[in-house]
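> what's the 3D shape of this:
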Amino acid sequence: MFGSSVTYIPSRFRFTEENRRDSGVNGSGKSGLAQFRALIEKYEMLRLQMTFSEIARSLVDELGILAAFKEERTAESMGRWENVQELLSAISEFSHEKQMQHSNYF
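Predicted coordinates for the structure are as follows:
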């Protein structure tokens, strides 16, 4: 998989234990921040096991982006739904091209 050959770049979202305790955020904000951190950490791990396309599709599904646009049922939301689908297709095409370049390199 191409995703596993990408050079590791340290995450800007890493938090020390002290930062986690003393972030100055309370209540639902703290819960939301913890959920966001968990999401970032999850996908940071998955990037070694999945292609760019798989990660993008998984993230869009997990966040419920397409479902939310479909449920809204307005012309604007359907346009946004189409834009996200187009973005996912472009990511898939890019990922496939990079895999082909990588496999042709060797």
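
> Can you name the next helix or strand after the lowest-mean-pLDDT helix or strand in the chain?
Across the helices and strands of the chain, the lowest-confidence element by mean pLDDT, DSSP states H and E is helix 17-21, at a mean of 52. Using DSSP states H and E, the helix or strand that directly follows helix 17-21 along the chain is helix 27-46.

> helices or strands up against that following helix?
helix 52-63 (3 or more CB pairs under 8 Å, 6 or more residues apart in numbering; DSSP states H and E). Placement of C-beta: from N, CA and C, glycine included.

> buried ones in the helix it packs on?
Neighbour counts over helix 52-63 (16 or more other CB atoms under 10 Å) mark F52, S53, E54, I55, A56, R57, V60 as buried.

> would you turn the residues you listed into a markdown table with distance to L88 and pLDDT?
Shown next, in a markdown table, are those (distance: CB to CB, whole Å; pLDDT from 0 to 100):
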| residue | distance to L88 | pLDDT |
| --- | --- | --- |
| F52 | 10 | 84 |
| S53 | 7 | 87 |
| E54 | 11 | 88 |
| I55 | 11 | 89 |
| A56 | 6 | 91 |
| R57 | 6 | 92 |
| V60 | 7 | 92 |
